[in-house]
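Asks: Everything below, folded, please.
(one chain, ligands or ions: 1)
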Amino acid sequence: MQIRVINPNTTRGMTDTIATAAQGIAAPGTVISATQPAHGPVSIESHFDEAISTVGVLEEIMAGERDRVDAYIIACFGDPGLLAARELTRAPVVGIAEAAFHMAALISTRFSVVTTLSRTGIIAEHLLDQYGFRHHCRRVRAAEIPVLDLEDDGNAALTRIIDEGRRARDEDGIGAIVLGCGGMADLTDEISEAVGLPVVEGVTAAVKLSEALVGLGLGTSKVGDLAFPRPKTFTGRFAHLSELAPDG
Ligand code: 2AL
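Replies: Residues are numbered from 1 along each chain as shown. Next comes the predicted model:
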């Protein structure tokens with residue numbers, strides 16, 4: 001089974017971190033390939049960053065279809081482009097935020113999210129509402145670290161995440177913590193050990209969910225709103241999408 005992990009930002013080091021975490025948890029026989037868009041923001045910390053990154057994510061899905069990928073993971077905690085990505089393929093597409101929320105709800109009745117910045121935390125709150133997990137999540141907390149500090153200033157960032165995780169443990173009445181950034185994919189064990197709670201990380205959760213979906217023979221439904229987009233003319237810089245022939 002081939003799983004394509006798409007890091008929606010364009011920082012190669014973060015794509016490598018995500019790929020290593022995904023490969024480390026994958027079952028024997030699962031091949032992980034990791035990609036990132038050719039164009040776009042180096043980190044995703046706002047609605048604007050998300051909107052710009054989405055086109056690149058969709059282009060990576062189109063490339064994956066040519067490679068006959070079995071499942072896709074969108075490895076940014078805002079799950080940018082998730083539903084549009086599903087329209088482009090019969091394969092399962094799993095976002096790391098939704099994967100982590102689902103996994104955390106299976107092992108605890110209440111969890112808190114520890115993410116990077118307060119403003120990205122608000123994006124996570126929107127997703128909790130959208131996915132129906134508001135009841136399960138006690139609080140979305142921010143360690144107040146810019147995303148690229150996870151790459152550039154790893155130890156300081158880890159300390160801040162652990163401090164915030166301990167506050168969540170002591171104040172939120174929770175059973176588990178969800179890590180709220182793809183760039184935290186390599187920190188799960190250290191944080192879990194330091195905080196003393198189960199820690200759910202989205203990239204690894206998404207790999208296991210993707211393997212389960214493919215193993216069950218379940219892919220994205222093509223009935224209803226996730227059907228392939230209706231062919232139409234695109235103008236200007238998107239003219240090449242007029243020739244989009246999904247499932248072809
Ligand atoms: C993210 C993420 O996972 N990758 C990125 O660039 N921005 N989201 C976040 N909440 O920090």
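
Asks: Quick check: nearest residue in space to the residue positioned nearest the centre of the chain, chain neighbours excluded?
Replies: Residue closest to the mean C-alpha point of the chain, counted by Cα atoms, centre = their mean, is Ile96 at 2.7 Å. Using Cβ to Cβ, 6 or more residues apart in numbering and skipping residues adjacent in sequence, the residue nearest Ile96 is Gly202, 2.8 Å away. Where you see a C-beta, it was placed from the backbone N, CA and C, and this is true even at glycine.

Asks: Check Leu179 too.
Replies: Leu179's closest residue in space is Glu201 (Cβ to Cβ, 6+ apart), at 4.6 Å.

Asks: This protein against the ligand: which residues are in contact?
Replies: Residues of the chain lying close to the ligand (Cβ under 6 Å from any ligand atom) are 9, 43-45, 76-78, 115-116, 120, 147, 180-183.

Asks: Pop out the phi and psi values for Val199.
Replies: In terms of degrees, to the nearest 10, the main-chain angles of Val199 are phi -120, psi 120.

Asks: Might you report the residue contacts of it?
Replies: 165, 176-179, 188, 191-192 (Cβ atoms under 8 Å, 6 or more residues apart in numbering).

Asks: can you tell me how far it sits from the ligand?
Replies: In this view, Val199 and the ligand are 15 Å apart by Cβ to the nearest ligand atom, to the nearest Å.

Asks: Bridging across strands, which residues link to that residue?
Replies: Legend: beta-bridge partners of Val199 under DSSP bridges are Ile177.

Asks: quick one: buried residues of the biggest helix by length in the chain?
Replies: Longest helix of the chain, by residue count under DSSP state H: helix 47-66. Buried residues in helix 47-66, counted by 16 or more other Cβ atoms under 10 Å: 49-50, 52-61, 64-65.

Asks: Could you name the helices and strands sitting against the next helix or strand after it?
Replies: Heading C-terminal from helix 47-66, the first helix or strand you meet, by DSSP states H and E, is strand 71-74. When contacts are defined as 3 or more Cβ pairs under 8 Å, 6 or more residues apart in numbering; DSSP states H and E, strand 71-74 sits against strand 2-6, helix 47-66, helix 82-87, strand 93-95, helix 96-107, helix 202-215.

Asks: so how far is strand 71-74 off the chain centroid?
Replies: Relative to the chain's own centre, strand 71-74 is displaced by 8 Å; criterion: Cα atoms, centre = their mean, to the nearest Å.

Asks: Can you spell out the domain ranges of this structure, please?
Replies: 2-95+205-241, 97-202 (automatic domain parsing).

Asks: End to end on the first one, go ahead and measure it.
Replies: Using Cα to Cα, to the nearest Å, one end of domain 2-95+205-241 lies 25 Å from the other.

Asks: Show the average pLDDT along that domain.
Replies: Averaging pLDDT along domain 2-95+205-241 yields 97.

Asks: so what's the closest residue to Val195 other than its chain neighbours up against?
Replies: In this structure, Val195 finds its nearest non-sequential neighbour in Gly165, 4.1 Å apart by Cβ to Cβ, 6+ apart. Residues in contact with Gly165, defined by Cβ under 8 Å, 6+ apart, are 114, 177, 191, 194-195, 197, 199.

Asks: Show me which of the residues you listed is closest to the ligand.
Replies: Nearest to the ligand out of the contacts of Gly165 is Val114 (Cβ to the nearest ligand atom; 10.1 Å).

Asks: Let's see if you can find the most crowded of the residues of the chain next to the ligand.
Replies: Among the residues of the chain next to the ligand, the one with the most neighbours (other Cβ atoms under 10 Å) is Cys181, at 33 neighbours.

Asks: my guess is that residue contacts Asp149, does it?
Replies: No - Cys181 lies out of contact with Asp149 (Cβ atoms under 8 Å); the separation is 10.4 Å.
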